[in-house]
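S.K.: Here's a sequence, model it:
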Amino acid sequence: MTPGGSVGDGDVPSAAIRAVRLLDRALRGPDLIASVLIGLALLVITGTLFVSAVGRYTIGQSLLGGEEAARYLMVWMTFLGTYVLIRQRRHIAIDVLPRFAPPFVTRWLGVFIGALGAVLMFYLFWNGWSLAARMLAGGQLSPVLPVPRGLLHLSLPVGAGLSVLAFVHMCLSFLFDPATELARASEGPDPKPSLPIEES
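M.R.: Purely as a prediction, here's the structure:
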């Protein structure tokens, strides 16, 4: 532990720190892919609903399957977005204790949250995969779109599986590379831009 009660890299072997940072670099590929897919899904949802609304109020016809496609993409956005937010440490959390607690408490609280989150997400992954596999094996199609209904349910195991990796990295990072995590936590939320004051 470094002077002043803070937690530093000297508390753990350098090999463990390198392994954690290697895992972080390995997850940057899924981070980018998930972020791009979320952006594309948002664009498709916006365009689809816009075209459907215009068609409904001009020619009395909406885009066939547009609303169903939007629902499918919204579900996928939700689960992929969960992974991205966990990776960015922007998931929903009560951060009063970590902000004011000593670094030692913050470190082990992060380890606990990461481990608990990984267990819960693995549970969702396991059950979600069983559900998606049954739906895909059944060969059921969507009511309007000619796509398997299992694709909708596949969003749960994909998002939960990625979230398992994100929480595992979070847990190991707090455990073996606490200096990086505590520095990130000390930055806090994005500062709000101040409004310019006009001089009279």
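
S.K.: Which elements pack onto the helix of greatest length in the chain?
M.R.: Counting residues, the longest helix found in the chain (DSSP state H) is helix 103-138. When contacts are defined as 3 or more CB pairs under 8 Å, 6 or more residues apart in numbering; DSSP states H and E, helix 103-138 sits against helix 96-100, helix 150-176, helix 178-187. C-betas here are computed from N, CA, C, even on glycine.

S.K.: could you dump these to a markdown table with distance to Leu136 and mean neighbour count?
M.R.: Below are these laid out as a markdown table (distance: least, CB to CB, whole Å; neighbours: other CB atoms under 10 Å):
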| stretch | distance to Leu136 | mean neighbour count |
| --- | --- | --- |
| helix 96-100 | 41 | 11 |
| helix 150-176 | 3 | 21 |
| helix 178-187 | 38 | 16 |
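
S.K.: And these: which comes nearest Leu63?
M.R.: The closest of the helices and strands packed on helix 103-138 to Leu63 is helix 150-176. By CB to CB, the value is 18.7 Å.

S.K.: angle of that closest one against helix 103-138?
M.R.: 160 degrees (axes from the mean of the first three to the mean of the last three CA atoms, to 10 degrees).

S.K.: just to revisit the earlier point, could I get the helices and strands packed on helix 103-138 in JSON lines, plus columns for distance to Gly47 and mean pLDDT?
M.R.: Shown next, in JSON lines, are the helices and strands packed on helix 103-138 (distance: least, CB to CB, whole Å; pLDDT from 0 to 100):
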{"stretch": "helix 96-100", "distance to Gly47": "40", "mean pLDDT": "70"}
{"stretch": "helix 150-176", "distance to Gly47": "20", "mean pLDDT": "92"}
{"stretch": "helix 178-187", "distance to Gly47": "36", "mean pLDDT": "71"}
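
S.K.: Please, which helix or strand holds the residue nearest the centre of the chain?
M.R.: Centroid-nearest residue in the chain, with CA atoms, centre = their mean: Tyr83, separated by 2.1 Å. Using DSSP states H and E, Tyr83 sits within helix 66-87.

S.K.: From the chain's centroid, how far away is that helix?
M.R.: Chain-centre distance of helix 66-87: 10 Å, with CA atoms, centre = their mean, to the nearest Å.

S.K.: Spell out the secondary structure type for Ser62.
M.R.: coil (DSSP: H, G, I helix; E, B strand; the rest coil).
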